[in-house]
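Engineer: Quick check, what structure comes out for this input:
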Amino acid sequence: MAFVFRLIYDGAHEGAHNMARDEAISRAVSSGAQPPTLRFYAWQPPAISLGYSQRIGSVNEARCRAEGIGIVRRPTGGLAILHADEFTYSIALPIDHPLAAGDVMTSYRRIAEAILEALRRLGVPGVAANRVPKEQRARSGVCFEAPSDYEVVGAGKKLVGSAQWRRVDGVMQHGSLPLFGDIARICDYLWDAPPPERVRAHAATLQDVLGDAPSWEHVAAVWRGAFADVLDIAFVEGSLSAEEQVAAEALLREKYANDVWTRRR
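Structural biologist: You can find the predicted model right below:
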């Protein structure tokens with residue numbers, strides 16, 4: 001019997017709004033107030049998201065301000081990502097859901113199978129998600145410099161960066177698929193960035209791999225189908241509830257748009 005999920009096509013939002021909405025949804029799902037949820041969204045204006053424990057000092061804040069690039073800290077770990085021309089997903093599960101079973105890596109790999117299938121359907125060659133030798137991992141603060149264990153690669157390059165947040169009552173995972181543009185653009189905004197050529201050697205946008213950039217809407221449709229088939233999900237389209245919207249506004253004020261949170265490290 002298929003798992004019933006809410007599917008939210010959520011459009012584009014500022015970085016702090018996106019993180020607040022992800023957490024509000026995750027907490028509603030974890031409490032049982034909402035069903036497991038898959039959310040698709042984008043970022044406007046572009047923003048750099050820092051991993052939970054990453055230092056704010058790695059960011060060239062003056063240049064970000066001058067060029068209209070937002071800065072937000074994620075509730076998940078990992079390294080910095082420049083969210084610009086991309087497709088972003090998040091999945092929220094209660095901790096006792098079968099898709100959340102096991103440890104972080106077990107559930108991460110389970111979700112990765114659906115992502116791999118989505119990329120195959122988009123025409124990406126050589127998709128895989130394997131362990132990464134220590135010497136091949138990222139050496140700077142840039143997420144897309146190199147893949148981590150079981151992150152998704154295609155045509156020999158990292159395509160999707162994902163991170164997971166596990167709590168006592170729930171699991172939330174979100175991730176980014178750059179659609180087009182310069183994958184090394186983030187190097188312009190970080191003090192500790194690697195040479196752009198090193199990022200381009202190890203990561204790519206969907207356009208780099210396919211020679212053309214599918215639309216956000218097309219990627220969302222393919223993603224939906226792959227998740228439905230691989231994870232046995234029946235989707236019901238919906239939106240944030242009134243309670244989730246109130247919670248997201250509170251999280252925005254108290255956390256994601258608050259310097260105390262953004263500059264915590």
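Engineer: same for the helix or strand harbouring Glu243, what does it pack against?
Structural biologist: Under the criterion DSSP states H and E, the helix or strand holding Glu243 is helix 242-251. Counting by 3 or more CB pairs under 8 Å, 6 or more residues apart in numbering; DSSP states H and E, the packing neighbours recorded for helix 242-251 are helix 15-31. C-betas here are computed from N, CA, C, even on glycine.
Engineer: Would you agree Leu177 is in contact with Leu159?
Structural biologist: Yes: Leu177 is in contact with Leu159 according to CB atoms under 8 Å; the separation is 6.3 Å.
Engineer: hey, what's in contact with both of these two?
Structural biologist: With CB atoms under 8 Å, 6 or more residues apart in numbering applied, the overlap between the contact sets of Leu177 and Leu159 consists of Leu206.
Engineer: could you point out which element follows the helix holding Glu243?
Structural biologist: Scanning forward in sequence from helix 242-251 by DSSP H and E, the next helix or strand is helix 259-262.
Engineer: So for the helix holding Glu243, mean pLDDT?
Structural biologist: For helix 242-251, mean pLDDT is 98.
Engineer: quick one, phi psi at the closest residue to Pro178 other than its chain neighbours?
Structural biologist: Sequence neighbours aside, Thr205 is the residue nearest to Pro178 in space, at 4.2 Å (criterion: CB to CB, 6 or more residues apart in numbering). The phi and psi values for Thr205, taken as degrees, to the nearest 10, are phi -90, psi 170.
Engineer: likewise Gly32?
Structural biologist: Here Gly32 shows phi and psi, under degrees, to the nearest 10, equal to phi 90, psi 0.
Engineer: Pretty sure Tyr4 sits against Ala234.
Structural biologist: Just to correct that, residue 4 is Val rather than Tyr. Yes: taking contacts as CB under 8 Å, Val4 lies within contact range of Ala234: 5.3 Å.
Engineer: Leu177 and Leu159: who's more crowded?
Structural biologist: Neighbour totals were compared for Leu177 and Leu159, and Leu159 leads with 26 against 22 (other CB atoms under 10 Å).
Engineer: where does that one fall, helix, sheet strand or coil?
Structural biologist: Going by DSSP: H, G, I helix; E, B strand; the rest coil, the secondary structure assigned to Leu159 is strand.
Engineer: measure it to Gly102 for me?
Structural biologist: For Leu159, the distance to Gly102 (CB to CB, to the nearest Å) stands at 24 Å.
Engineer: just Ser31 next, same as before
Structural biologist: Applying CB to CB to Ser31 and Gly102 gives a distance of 22 Å.
Engineer: and if you look at Ala128?
Structural biologist: Distance of Ala128 to Gly102, computed by CB to CB: 21 Å.
Engineer: One more: Leu240?
Structural biologist: Counting by CB to CB - Leu240 and Gly102 are separated by 29 Å.
Engineer: what about these two, which has more around it?
Structural biologist: Neighbour count, other CB under 10 Å: between Leu240 and Gly102, Leu240 has more, with 20 against 12.
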